[in-house]
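A.B. asks: Here is a sequence with its predicted model. Questions after.
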Amino acid sequence: MKKIKILLVDDDVRNSMFLKKFLEVEDYEVTYANNGRVAWELYPSVRPDLVLLDVNMPEMDGFELAQLIRQQDHQVLIFFLTDRTEKVDRLMGFHLKGNDYIPKPFYPEELIAKIKERFEHKTSEQPSRFMIGETLFDTNLSIVEYNGMQQHLSVRQTEILTILSENFGKVVERDTILKRVWGNVSYANSLALNVQISYLRHILQSDATLTLSSLKKRGYILMKKTDR
């Protein structure tokens, strides 16, 4: 079973090391960053399932980092861990689509319970593997496999293909994809979607049973060629 990857971001090194060890004992894979800028540099290589994020940090604070993360990744879970407990701060955390806001100090056992609950809910709610045509798509690993050959997907491609796979054989509107993946329907994001769809077509082209079609002024449909 794949370990859950956690990116822990906090400038309190001493307490962070204690928390990191506690999480690792629970079999989580933890990467530590002491400020938002370092965390943002690490993010593409770590590709975490969960970000544990302090708010008050030098160079780039937690709210700034969360905003950057959400611009490119709408699936990762974000927990704010902070002593900023005012209503305005909590609202800001949830405005930035944080999944939880945990005031400091907290018991590590409380955090572990929240993490387990979130991932149990996420796992039961969303399938991680789809059989599309004769291609296996693993959302957790961001891999498509056809005839024994694997290809890796980017975060954006994984998000888009997940939406299309969830609606296999059905039309998905462009605006639906844009809002879920990029957060808005701007012209620039629309162009980016066109590019990612082209990449996905190229990746899926080996499977002759599949087609990813564009429907003018409507959206996209992923389906078996015999379904048409």
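C.D. replies: Right, received. Where do you want to start?
A.B. asks: domain ranges for this structure?
C.D. replies: By the assignment in automatic domain parsing, the chain contains the domains 5-125, 129-227.
A.B. asks: Give the rounded mean pLDDT of the longest one.
C.D. replies: With pLDDT averaged residue by residue, domain 5-125 scores 89.
A.B. asks: tell me, how many neighbours does the residue nearest to Gly219 when sequence neighbours are not counted end up with?
C.D. replies: Spatial nearest neighbour of Gly219, chain neighbours left out: Glu173 (4.1 Å); criterion: Cβ to Cβ, 6 or more residues apart in numbering. Any C-beta I mention is one placed from the backbone N, CA and C, and that applies to glycine too. If you count neighbours by other Cβ atoms under 10 Å, Glu173 ends up with 13.
A.B. asks: Let me know whether Glu173 touches Arg218 as I believe.
C.D. replies: Yes: counting by Cβ atoms under 8 Å, Glu173 touches Arg218, with 6.5 Å between them.
A.B. asks: Show me the strands in this protein, by range?
C.D. replies: 5-9, 29-33, 50-53, 77-82, 100-103, 129-132, 135-138, 143-146, 149-152, 171-173, 210-215, 219-224 (DSSP state E).
A.B. asks: Buried deepest among the ones you listed, which one?
C.D. replies: With neighbours taken as mean count of other Cβ atoms under 10 Å, the strands of the chain reach their highest mean count in strand 50-53, at a mean of 25.
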